[in-house]
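Chemist: next one to model:
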Amino acid sequence: MSSTFTLQAECRRLQLQAGAELVCRGGIVWLTFEARDRTSEDVVLAPGERYRLRRDAEVFVAALHGAGPALCEIDAPQLRRRAAVPWFRWLRDAWTS
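Modeler: Coordinates of the predicted model:
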């Protein structure tokens, strides 16, 4: 399943499973990961760059501050039952707001 969304000044919190890819389609996308037992990893993606999750993760996605809006695509593998609820709730909320 694939979904594309625009980021302005907000930061989106996503619960994604291993194998999901985040792709920058425009602007500059900043990613950081919730990590309780280690330093959080930060990733910056330029247009056309992608990042594949190696394990299930809580990911915070934002446009790089001062760089203008960004376009991000999430290409998620087939969702397992337990991971589907937060993902679909986020999509529903994003499309209805």
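Chemist: C-alpha from now on. contacts and neighbour counts both.
Modeler: Fine.
Chemist: where does this structure dip in pLDDT?
Modeler: Residues of the chain meeting the criterion pLDDT under 70: 1, 35, 78-97.
Chemist: cutoff 90 now
Modeler: With pLDDT under 90 as the threshold, the chain has low-confidence stretches at 1-11, 33-41, 54-57, 64-68, 76-97.
Chemist: strands of that one, start to end?
Modeler: Under the criterion DSSP state E, strands of the chain are mapped to 2-7, 11-16, 21-26, 29-33, 42-45, 50-52, 57-63, 70-75.
Chemist: what's in contact with the fourth one?
Modeler: Same thing as strand 29-33. Residues outside strand 29-33 that contact it (CA atoms under 8 Å, 6 or more residues apart in numbering): 40-46, 57-64, 70-72.
Chemist: filter those to the buried ones?
Modeler: Of all the contacts of strand 29-33 considered here, the ones buried according to neighbour count by 16 or more other CA atoms under 10 Å are 44-46, 57, 59-64, 70-72.
Chemist: which among those residues gets closest to residue 17?
Modeler: residue 57 (6.2 Å; CA to CA).
Chemist: now do the contacts for the most centrally placed residue in the chain.
Modeler: Here the mean C-alpha position of the chain is nearest to the C-alpha of residue 61 (CA atoms, centre = their mean), at a distance of 4.9 Å. By CA under 8 Å, 6+ apart, the residues touching residue 61 are 11-14, 29-32.
Chemist: I appreciate the help and will end here.
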